[in-house]
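Asks: predicted model follows, preceded by the sequence.
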Amino acid sequence: MIELKRDILSVLDMKDDFEQILNEALKMKSGQKKTQKKDPLKGKVLGMVFEKPSLRTRMSFEVGMTQLGGSAIYISPNEVQIGKRESVSDVANVLSRYVDVIMYRAFSNQVMRELAKHASVPVINGLDDMEHPCQCAADLLTVLEKKKALKGLQMVYVGDGNNVCNSLLLGCALVGMNMRAATPKSHRPDKDIVTKAEEIAKNTGAKIELMSNPFHACDGADVVYTDTWISMGQEAEKAEREALFLPYQVNDKLTEKANKDWLFLHCLPAHRDMEVSTAVIDGPHSVVFDQAENRMHAQKAILLAALSK
Ligand code: CP
Ligand code: NVA
């Protein structure tokens, strides 16, 4: 029997079992579920290819693989130089001869898809310019853990309509969570992703709204989420971005009308008193370290799903 490999390049690649992945992750985290067998990924090797720096993605994937009985190998941004030292397809073919699954952090979603096309083992997106799907799984896992539900809650994303925002739109749409993205007009989330999220939302009952006013957006929020204003690779735009996004800082004033017990999420790394005030990120509503831990639990469930096909 030919087994189809399963890539997870977008939140959409988990669409049929996204909630199941979240529930499995929650069960594994709480210890209710010891996975079917001991060390389910024994002997399996994850190759982790990074074109950009990382703390959480690298650590959570490596520790997660180890906990499942497998192992992980890290390749740093200087080593492979995909498309420069070697073509994307050659890298994909070679890696597929050594490892059982690839995690790739890329600059470009196009290169991500090309690598996946040529790899014969599953490829998991560890962030590119379009999406950060594993982050989204951890984000919604954190909300589920804290609020015991997802459907009907109000997620508010404030700041840059970037990769994290794109994945969150798809994730919220899938689980029936309402999402408002408050961004400057010039930095809205990706058009095609918004269209896709709206399509999905029709079936799940989620309400998707794009707006520019972060105060309106935060009115009635159950979750307020922000990310850096300067994503990796955008360092040259630092000054203009800081000026543009300043009104979008998540602080006590902005969140005055959020619902009682609202949660603050940030994928990290964070920049205190830039996209979020110190008082909010270090305050009682913040669950950012649970969220960081949940990367590992979510990814364990994703790895099991990717390797069980
Ligand atoms: N949130 C996240 O992906 O963090 P790293 O860049 O440290 O992996
Ligand atoms: N939007 C950020 C996320 C970092 C985890 C970036 O792409 O750099």
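Replies: Happy to help now that I have it. Numbering: from 1, shown residues only. Ligands and ions are numbered 1, 2, ... in the order given.

Asks: what residue is smack in the middle of the protein?
Replies: The centre of the chain sits closest to Q135, judged by CA atoms, centre = their mean, with a distance of 2.0 Å.

Asks: so it sits against L127, correct?
Replies: Yes: if you go by CB atoms under 8 Å, Q135 and L127 touch, sitting 7.2 Å apart. Just so you know, the C-beta spots here come from the backbone N, C-alpha and C atoms, and that holds for glycine as well.

Asks: quick one: stretch 280-298 near ligand 2?
Replies: No: figure legend: stretch 280-298 not in contact with ligand 2 (CB under 6 Å from any ligand atom); closest approach 10.1 Å.

Asks: any residue of that stretch up close to ligand 1?
Replies: No: counting by CB under 6 Å from any ligand atom, no contacts exist between stretch 280-298 and ligand 1, the nearest distance being 6.9 Å.

Asks: send me that stretch as CSV with only the CA atoms.
Replies: Output of stretch 280-298 as CSV, limited to C-alpha atoms (Å, rounded to 0.1, in the frame of the first residue of the first chain):
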residue,chain,number,x,y,z
VAL,A,280,0.1,43.8,30.5
ILE,A,281,2.6,41.2,29.5
ASP,A,282,3.8,40.8,33.1
GLY,A,283,0.3,41.3,34.6
PRO,A,284,-2.6,39.0,35.7
HIS,A,285,-4.2,38.5,32.3
SER,A,286,-1.0,37.3,30.6
VAL,A,287,-0.7,33.6,29.8
VAL,A,288,2.3,33.9,27.5
PHE,A,289,4.5,31.3,29.3
ASP,A,290,1.7,28.7,29.3
GLN,A,291,1.3,29.5,25.6
ALA,A,292,5.1,29.0,25.0
GLU,A,293,4.9,25.6,26.9
ASN,A,294,1.9,24.7,24.8
ARG,A,295,4.0,24.8,21.6
MET,A,296,5.5,21.6,22.8
HIS,A,297,2.2,19.8,23.6
ALA,A,298,0.5,21.0,20.4
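
Asks: any idea how far it is from the middle of the chain?
Replies: Centroid separation between stretch 280-298 and its chain, computed with CA atoms, centre = their mean, to the nearest Å, is 13 Å.

Asks: buried set for that stretch?
Replies: By 16 or more other CB atoms under 10 Å, the buried positions in stretch 280-298 come out as 280-281, 285-288, 290-298.
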